[in-house]
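> only geometry, no sequence info:
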Ligand code: FES
């Protein structure tokens, strides 16, 4: 397991110190760590468990129960492509193939440069707009009939990846 740097450890300690006496401290601290670091490292679960006088297993259970928490670092930009039945029938496979090529991120993983995370999700509950994608919280419906997703990704790459590589 990769060790956390001291800046991240300090942030976790500060969050725990400031929130350990609040009601429902585990959830509060987890949310703050997720917001601050973009994920919940194991070290945070240990500190939170100690402060909330519970076990690491309990905290880990909470982290894995809520979809909003993740134990792996996420990319700067998060893309979801729905592979539910309605979206799949309407061509979401072609969308995800395009996203894979552009982002260089594996499905349900993060690109090596940390710029993109790509999730293949089940039904997002918007089948009337199939196929549906979400990029950084922005929903794109009928995504096979427009180039919005492609354009958004292209713009991010132009602004962030190309300047880094230049
Ligand atoms: S199957 Fe994609 S939104 Fe329902």
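Structure's in. What do you need? Remember, predicted model here, so these are calculated numbers, not experimental data. Residues are numbered from 1 along each chain as shown.

> The spatially most central residue of the chain in helix, strand or coil?
With distances taken as CA atoms, centre = their mean, the residue of the chain nearest its centroid is residue 74 (4.8 Å). Classification of residue 74 by DSSP: H, G, I helix; E, B strand; the rest coil places it in coil.

> Do I have it right that it meets residue 117?
Yes: using CB atoms under 8 Å, residue 74 is in contact with residue 117, at 4.7 Å. (Glycine included, C-beta is placed from N, CA and C.)

> What distance do you get for residue 90 to residue 81?
As judged by CB to CB, to the nearest Å, residue 90 and residue 81 stand 12 Å apart.

> Let me see the contact set for residue 27.
residue 62 (CB atoms under 8 Å, 6 or more residues apart in numbering).

> host element of it?
Counting by DSSP states H and E, the element that carries residue 27 is helix 25-37.

> Show me how far that helix is from its chain's centre.
Mean-position distance between helix 25-37 and its chain equals 14 Å (CA atoms, centre = their mean, to the nearest Å).

> Now do whatever helix or strand comes next after it and helix 25-37, the angle between them.
Later in the chain than helix 25-37, the nearest helix or strand by DSSP H and E is helix 42-51. Angle, helix 42-51 to helix 25-37, by axes from the mean of the first three to the mean of the last three CA atoms, to 10 degrees: 150 degrees.

> For the helix holding residue 27, buried residues please.
Neighbour counts over helix 25-37 (16 or more other CB atoms under 10 Å) mark 25, 26, 27, 28, 29, 30, 31, 32, 33, 34, 37 as buried.

> Same list (the residues you listed) but as TSV, adding pLDDT.
Output for these, formatted as TSV (pLDDT from 0 to 100):
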residue	pLDDT
25	92
26	95
27	95
28	95
29	97
30	96
31	95
32	95
33	95
34	92
37	90
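
> Which members of the residues you listed are the farthest-apart pair?
25 and 37 (17.7 Å; CB to CB).

> what number of residues lie near the closest residue to residue 56 other than its chain neighbours?
Leaving out its chain neighbours, the residue that sits closest to residue 56 by CB to CB, 6 or more residues apart in numbering is residue 49, at 4.5 Å. Residue 49 is flanked by 18 other residues according to other CB atoms under 10 Å.

> hey, what's in contact with both of residue 74 and residue 117?
Joint contacts of residue 74 and residue 117 (CB under 8 Å, 6+ apart) are residue 110.
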